[in-house]
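A.B. asks: pasted the sequence and its predicted model underneath.
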2 protein chains.
Amino acid sequence: MDLGPEDRLHRWLRQRLRRAGKDRLGDDGAILSRGGPWTITQDQQIESVHFPTGLDPALIARRLLAVNLSDLAAMGAEPKFAFLALSCPPDFPTRRFLAALIAACERQGLELAGGDLARNDKVTCAMTLIGQLPPGGRWVNRGNARAGDVLWLGGPTGLSALGRHLLERGGRADLRRVDPPNLPALTRTEARLARAAIRRHLSPLPQLELGRWLGRRARAAAIDISDGLAIDLHRLCRESGAGALVRAGALTGPREFESLCRKIGVSSLELVLTGGEDYVLLFALAHGERPPAELGAVPIGRIEPEPELYLELDGTRHRLERSGWDHFRS
Amino acid sequence: MDLGPEDRLHRWLRQRLRRAGKDRLGDDGAILSRGGPWTITQDQQIESVHFPTGLDPALIARRLLAVNLSDLAAMGAEPKFAFLALSCPPDFPTRRFLAALIAACERQGLELAGGDLARNDKVTCAMTLIGQLPPGGRWVNRGNARAGDVLWLGGPTGLSALGRHLLERGGRADLRRVDPPNLPALTRTEARLARAAIRRHLSPLPQLELGRWLGRRARAAAIDISDGLAIDLHRLCRESGAGALVRAGALTGPREFESLCRKIGVSSLELVLTGGEDYVLLFALAHGERPPAELGAVPIGRIEPEPELYLELDGTRHRLERSGWDHFRS
């Protein structure tokens, strides 16, 4: 029987999945007969909103997966199934996108189990992930933080936003190569950090292992930082009915981070607090608990009983607004 | 604590859901602890591709839900959870869209359990639905058809495509009112059918009850007609490793359907075979099985052993291509 272009793509995709022994695409719905409990997360990536127009489709696919995996990490879940809703112009290299997505899924033990393809003016993709509670694990919830807990960050924030600024200023990247923009008198270590920032922005590293470790604690609260440390800390505290104190000194990046921020004219502390798209975990643990050093988390403050957020800077407490440290705006 | 516009919308949404005793939106993922087996479906609605620009957001929401429910109907599943990925311009009336979506979900016993909102130039929405196997039911699969089965259609096809043509010719509709376009000498019954066609196009009726009935058979194959009877019959036959013969006489619409098609200059048989977006079930049942009359299904042909599709028209067999009856193209 003859096949239209959509069915040809569908057949190619099913052959590709069958090679890995998996193919649930033959029906109107994918069936999950066993397993669970499950958690379901959903996140989108939109051209010229979340990633620059013309970005390598393989990088778009990886980023879409990474931001979704980060939600599973924040729940302490094991990635199991992925569903893709992709809409794009007819000339978008869909197979390159799908091949990269499937390869990235396989590296995580994830099965691409269904989805929908449609036409659109701009590349717009939404992913739904289904994660499983690991054996012996607990769900990690935003609302689990208690006054007296230590507040931790799974890695530095601000680097991804620096990468976004560098891309807006002419930085370029594909799957293999990253070129920082032409900035005056960039030192070698600054250029290296600039490349790392662009790479981090385009290919965030979801902290699944840290999430699983948190799920093995008696109690842990976590959120992944997508909109910015300040906003997402507000969310964690709101769900927990608590407040927090953050030490600015614990957030400082390397010297090159400071100097690069100066060279492009942005405040490094503003990037760290509000830059967003870091996809590291912000979490609260009972005093005395400490993640394994190799997971790279650092303590940045503590959970407080009153529902207010403060930033301790040079020995003084400042209100920490959702939009960051209020002095930015003044 | 202060709230940004996104968190304000989120809070409003959670309050709205809590009124129905449901709120799984407080975390990075929604948790399903019990139930199953599950089936997961995904479908998109995109402005100016699936619906006209400027369509009432309440109608967009209902259509998004309906096309997704239709996939669950084709699986014989019970709707349980909905996840929404919506991207839209900042001035899109998101609350009107969400209120209509939640109300429509509630009518189906569905819980809006998660999602993601983002900025985009055009309204682009993707929905993921999770359906449960009803007690005592079986999954209805595309690959279950066998030679000798009777082929059935859950309702007329072509009406939705007629509605699309009428909208392209100036027809207008919102939640309450439908105005057909100005066409020469439209009779009262034609005008009534024109309104019904536009309404059917914008608000398809997913056949969940028929799907559940199919799931209680010992064996049933089904697919919902989204891309057109001819294409979707090819898909059902391909998955079943079979062919089919369709009687054109069984597909004829009412007299006004024929005359309206003539007035707008489209072939009624082409609309019926290839118009698409009908969201009725195309299904195969063992000879002798017959759905309850009130479900409105009609027999349109039979499943044949050879993997070819034929249309019987005026006593002659014609090849039925994916694109429809091949004479259309000559």
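C.D. replies: Cool, the structure landed. Numbers count the residues shown, from 1 in each chain, chains lettered A, B, ... in the order given.

A.B. asks: alpha carbons only for contacts and neighbour counts from here, please
C.D. replies: Fine.

A.B. asks: show me what A:D179 is bridged to.
C.D. replies: With DSSP bridges as the criterion, A:D179 is bridged to A:R172.

A.B. asks: what's around it, how many residues?
C.D. replies: A count of nearby residues for A:D179, using other Cα atoms under 10 Å in any protein chain shown, gives 18.

A.B. asks: ok, A:Q45 next?
C.D. replies: 24.

A.B. asks: ok, and the closest non-adjacent residue to it?
C.D. replies: Nearest-residue entry for A:Q45: A:C125, 5.4 Å, with adjacent residues in sequence omitted and distances by Cα to Cα, 6 or more residues apart in numbering or on different chains.

A.B. asks: assumed A:H318 was part of a strand.
C.D. replies: Yes. Residue state for A:H318 (DSSP: H, G, I helix; E, B strand; the rest coil) corresponds to a strand.

A.B. asks: that one contacts A:R247, doesn't it?
C.D. replies: No. Using Cα atoms under 8 Å, A:H318 is not in contact with A:R247; the gap is 10.4 Å.

A.B. asks: which residues are in contact with each of those two?
C.D. replies: The contact sets of A:H318 and A:R247 overlap at A:311-312 (Cα atoms under 8 Å, 6 or more residues apart in numbering or on different chains).

A.B. asks: mind listing the residues bridging to the residue nearest to A:Q45?
C.D. replies: In beta-bridge terms (that is, DSSP bridges), A:C125 pairs with A:Q45, A:L86.

A.B. asks: quick check: mean pLDDT across stretch A:271-282?
C.D. replies: Here stretch A:271-282 scores 96 as its mean pLDDT.

A.B. asks: how far is that stretch from where the chain is centred?
C.D. replies: Between the centre of stretch A:271-282 and the centre of its chain there are 9 Å (Cα atoms, centre = their mean, to the nearest Å).

A.B. asks: pull that stretch out as PDB, backbone CA atoms only.
C.D. replies: Presented in PDB, the C-alpha positions along stretch A:271-282 are these (Å, rounded to 0.1, in the frame of the first residue of the first chain):
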ATOM      1  CA  LEU A 271      22.000  36.500  36.900                       C
ATOM      2  CA  VAL A 272      22.600  34.100  39.800                       C
ATOM      3  CA  LEU A 273      19.300  35.000  41.500                       C
ATOM      4  CA  THR A 274      17.000  35.500  38.500                       C
ATOM      5  CA  GLY A 275      18.700  34.300  35.300                       C
ATOM      6  CA  GLY A 276      16.800  31.000  35.200                       C
ATOM      7  CA  GLU A 277      17.000  27.900  33.000                       C
ATOM      8  CA  ASP A 278      19.700  26.500  35.300                       C
ATOM      9  CA  TYR A 279      18.000  23.100  35.700                       C
ATOM     10  CA  VAL A 280      19.800  22.400  38.900                       C
ATOM     11  CA  LEU A 281      17.900  21.200  42.000                       C
ATOM     12  CA  LEU A 282      17.200  23.600  44.800                       C
END
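
A.B. asks: low-confidence stretches in the stretch 151-300 of chain A?
C.D. replies: For the stretch 151-300 of chain A, no stretch has pLDDT under 70.

A.B. asks: tell me the residues of it that contact chain B?
C.D. replies: Counting by Cα under 8 Å from any Cα of the partner chain, the stretch 151-300 of chain A comes close to chain B at A:223-224, A:234, A:239.

A.B. asks: can you show me the strands along the stretch 1-150 of chain A?
C.D. replies: With DSSP state E, counting those that start in this stretch, the ranges of strands along the stretch 1-150 of chain A come out as A:30-32, A:38-46, A:78-88, A:111-119, A:124-132, A:150-153.

A.B. asks: comparing those strands by mean pLDDT, which bottoms out?
C.D. replies: Ranked by mean pLDDT, these end with strand A:30-32 at the bottom, a mean of 82.

A.B. asks: packing partners of it?
C.D. replies: If you count contacts as 3 or more Cα pairs under 8 Å, 6 or more residues apart in numbering or on different chains; DSSP states H and E, strand A:30-32 packs onto strand B:38-46.

A.B. asks: 10 Å - rerun?
C.D. replies: Using 3 or more Cα pairs under 10 Å, 6 or more residues apart in numbering or on different chains; DSSP states H and E, the elements in contact with strand A:30-32 are strand A:78-88, strand A:111-119, strand B:38-46, strand B:124-132.

A.B. asks: of those strands, which is nearest A:L9?
C.D. replies: A:L9 sits nearest to strand A:111-119 of all these, at 9.8 Å, using Cα to Cα.

A.B. asks: can you dump the C-alpha atoms of that closest one in PDB for me?
C.D. replies: C-alpha atoms of strand A:111-119 as PDB (Å, rounded to 0.1, in the frame of the first residue of the first chain):
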ATOM      1  CA  GLU A 111      11.200   4.800  25.800                       C
ATOM      2  CA  LEU A 112       9.700   7.200  23.300                       C
ATOM      3  CA  ALA A 113       6.200   5.700  23.500                       C
ATOM      4  CA  GLY A 114       4.000   8.100  21.500                       C
ATOM      5  CA  GLY A 115       3.300  11.600  20.300                       C
ATOM      6  CA  ASP A 116       1.900  13.800  17.500                       C
ATOM      7  CA  LEU A 117       3.400  15.700  14.600                       C
ATOM      8  CA  ALA A 118       1.800  18.700  13.000                       C
ATOM      9  CA  ARG A 119       2.600  21.800  10.900                       C
END
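
A.B. asks: how far does it sit from the chain's center?
C.D. replies: For strand A:111-119, the separation from the chain centroid amounts to 21 Å (computed by Cα atoms, centre = their mean).

A.B. asks: same question for stretch A:19-26.
C.D. replies: On Cα atoms, centre = their mean, the centre of stretch A:19-26 falls 27 Å from that of its chain.

A.B. asks: what about it, near chain B?
C.D. replies: Yes. Under the criterion of Cα under 10 Å from any Cα of the partner chain, chain B is reached by stretch A:19-26 at A:G26.

A.B. asks: tally of neighbours for A:G249?
C.D. replies: Number of residues near A:G249 (other Cα under 10 Å) recorded here: 14.

A.B. asks: same question, A:D232
C.D. replies: Other residues near A:D232 come to 23 when the count uses other Cα under 10 Å.

A.B. asks: now the one 3 residues further on
C.D. replies: Number of residues near A:R235 (other Cα under 10 Å) recorded here: 21.

A.B. asks: same question, A:L69
C.D. replies: A:L69 has 32 neighbours, counted by other Cα under 10 Å.

A.B. asks: that one and A:S203 touch, don't they?
C.D. replies: No. In this structure, A:L69 is not within contact of A:S203 by Cα atoms under 10 Å, at 12.0 Å.

A.B. asks: neighbour count for A:H318 and A:R247, which is higher?
C.D. replies: A:R247 (19 against 16).

A.B. asks: state the distance from A:E277 to B:L245.
C.D. replies: Distance, A:E277 to B:L245, by Cα to Cα, to the nearest Å: 55 Å.

A.B. asks: more neighbours: which of those two?
C.D. replies: The neighbour comparison of A:E277 against B:L245 (other Cα under 10 Å) goes to A:E277, with 24 against 21.

A.B. asks: what sits closest to the more buried one if chain neighbours are left out?
C.D. replies: Once flanking residues are discounted, A:E277 sits nearest to A:S226: 4.3 Å by Cα to Cα, 6+ apart.

A.B. asks: now swap in A:S33 and tell me
C.D. replies: Nearest to A:S33 is B:P37, by Cα to Cα, 6+ apart, at 4.5 Å.

A.B. asks: give the contact list for that neighbour.
C.D. replies: Listed by Cα atoms under 10 Å, 6 or more residues apart in numbering or on different chains, the contact set of B:P37 reads A:31-35, B:77, B:130-134, B:139.
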